[in-house]
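Engineer: Predicted model and sequence follow; I will ask about them next.
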Amino acid sequence: MSARILDGEAFASQIHRETATRVSALLRRGITPGLVFIRVGEDPASRAYVSRKETRAREVGISSRTLVLPESTPLSSLLAEIDSLNADPKVHGILIQSPLPSTLPNDQVYARVSPAKDVDGFHPVNFGKLLLGDPSGFLPCTPAGILEILRLGKIPTQGKHAVVVGRGQIVGRPLAVLLARKAVHADCTVTLAHSSTPNLPSITRQADILIGALGRPLFLTQEHVQPGATVIDVGVNRIPDPNSPRGYRLVGDVDFPSVKTVAAAITPNPGGVGPMTIALLLSNTLRATEDACR
Ligand code: NAP
């Protein structure tokens with residue numbers, strides 16, 4: 001058996017087309033959605049991520065720019081920049097690219113972004129709305145993108161057992177809540193596993209839907225997967241590769257070649273969750289603009 005591929009690039013293109021159509025309607029009214037990325041420091045991976053997001057934003061008609069600040073930026077200066085973007089009516093979405101330098105407290109920085117412009121969905125108000133099931137908040141892009149993969153991939157979810165491995169703040173924890181919601185394309189029974197979960201394979205083998213969001217290269221293998229399960233690979237991990245000009249290559253949390261022989265459906269990595277994260281970021285930005293211009 002070889003699993004059906006859940007093509008995140010194709011699903012993301014579909015969402016981008018819908019976003020572009022609605023952006024065109026705004027442009028016709030003289031409204032240009034504006035998205036600002038804040039990057040602090042010169043982490044090469046962050047530079048690459050931001051540039052990819054900027055390209056996609058341009059393609060759908062969203063105006064975007066990146067504010068680059070030096071690694072040594074004091075907290076007070078960063079907060080002042082966020083305040084000025086919060087007050088700028090041409091800016092509808094603000095994304096602070098992680099990781100921030102260790103000198104800057106993540107929570108304080110993310111909480112400074114206006115909830116109405118928090119298109120990443122990290123602000124405590126939006127996180128609280130997610131928990132309450134209040135649809136007026138912005139959902140974090142990666143978990144929301146995973147729900148869209150399940151929806152567009154026509155994976156049944158109601159009453160299914162979803163096992164999420166990893167309880168991180170930006171993926172595993174919010175995803176577990178979203179999958180457990182009483183809603184179409186959710187309504188799962190959810191197990192949230194983590195590094196203290198004993199005998200992990202015995203848990204993951206019960207999953208109809210298995211999500212790897214732990215950040216451990218190629219960790220989930222055939223022994224973790226129930227035959228016929230759907231497997232979603234969120235991880236982005238660097239492993240040394242002397243044959244690559246960069247000296248490393250990126251791999252997911254799932255050992256794709258072995259798992260695809262038992263799973264019924266699987267996301268590739270790259271080309272699965274990553275493109276969907278960007279698609280949901282841009283659709284959140286569109287919604288922020290529409291809300292601001294009502
Ligand atoms: P994180 O905050 O570091 O959380 C990792 C989680 O995995 C923790 O809950 C940890 O457990 C758990 N874990 C670690 N080792 C484990 C093990 N051996 N068995 C079971 N659980 C284990 O990471 P994150 O920010 O959620 O990100 C997770 C991965 O997703 C990373 O590779 C990241 O790069 C990737 N990611 C991808 C996208 C995308 O768009 N594709 C977006 C965001 C993140 P404890 O809580 O017990 O420590």
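Structural biologist: Structure's in. What do you need? Numbers count the residues shown, from 1 in each chain.
Engineer: looking at it, Val119 is touching Gly93, isn't it?
Structural biologist: Yes. The pair Val119 / Gly93 is scored as a contact, 3.7 Å apart, by C-beta atoms under 8 Å. In short, each C-beta sits where N, CA and C put it, glycine included.
Engineer: and Pro99, how many neighbours?
Structural biologist: Here the count is done by other C-beta atoms under 10 Å, and Pro99 has 12 residues near it.
Engineer: Give the intersection of the neighbour lists for Val119 and Gly93.
Structural biologist: Leu35, Leu281, Asn284, Thr285, Ala288 (C-beta atoms under 8 Å, 6 or more residues apart in numbering).
Engineer: how close does the last one sit to Val23?
Structural biologist: Which is Ala288. 12 Å (C-beta to C-beta, to the nearest Å).
Engineer: Now do the shared contacts for those two.
Structural biologist: Common neighbours of Ala288 and Val23 (C-beta under 8 Å, 6+ apart) are Pro33.
Engineer: give me every residue that touches the residue of the stretch 101-250 of the chain found nearest the ligand.
Structural biologist: For the stretch 101-250 of the chain, the residue closest to the ligand is Gly168, as judged by C-beta to the nearest ligand atom, at 2.1 Å. Gly168 sits next to Ala213, Gly215 when contact means C-beta under 8 Å, 6+ apart.
Engineer: Equivalent analysis for Phe127, please.
Structural biologist: Gly121, Gly137, Pro140, Pro174.
Engineer: And for Arg47?
Structural biologist: Arg39.
Engineer: mind checking which helix or strand it is in?
Structural biologist: Here Arg47, judged by DSSP states H and E, is contained in helix 44-60.
Engineer: Would you format the shared contacts of Val119 and Gly93 as JSON lines with pLDDT, secondary structure and neighbour count included?
Structural biologist: Below are the shared contacts of Val119 and Gly93 laid out as JSON lines (pLDDT from 0 to 100; DSSP: H, G, I helix; E, B strand; the rest coil; neighbours: other C-beta atoms under 10 Å):
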{"residue": "Leu35", "pLDDT": "98", "secondary structure": "strand", "neighbour count": "26"}
{"residue": "Leu281", "pLDDT": "98", "secondary structure": "helix", "neighbour count": "28"}
{"residue": "Asn284", "pLDDT": "98", "secondary structure": "helix", "neighbour count": "26"}
{"residue": "Thr285", "pLDDT": "98", "secondary structure": "helix", "neighbour count": "27"}
{"residue": "Ala288", "pLDDT": "98", "secondary structure": "helix", "neighbour count": "23"}
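Engineer: right, and out of the residues you listed, which lies closest to the ligand?
Structural biologist: Leu281 (9.6 Å).
Engineer: you'd agree that closest one is up against Val119?
Structural biologist: Yes. Counting by C-beta under 8 Å, Val119 is a contact partner of Leu281 at 6.0 Å.
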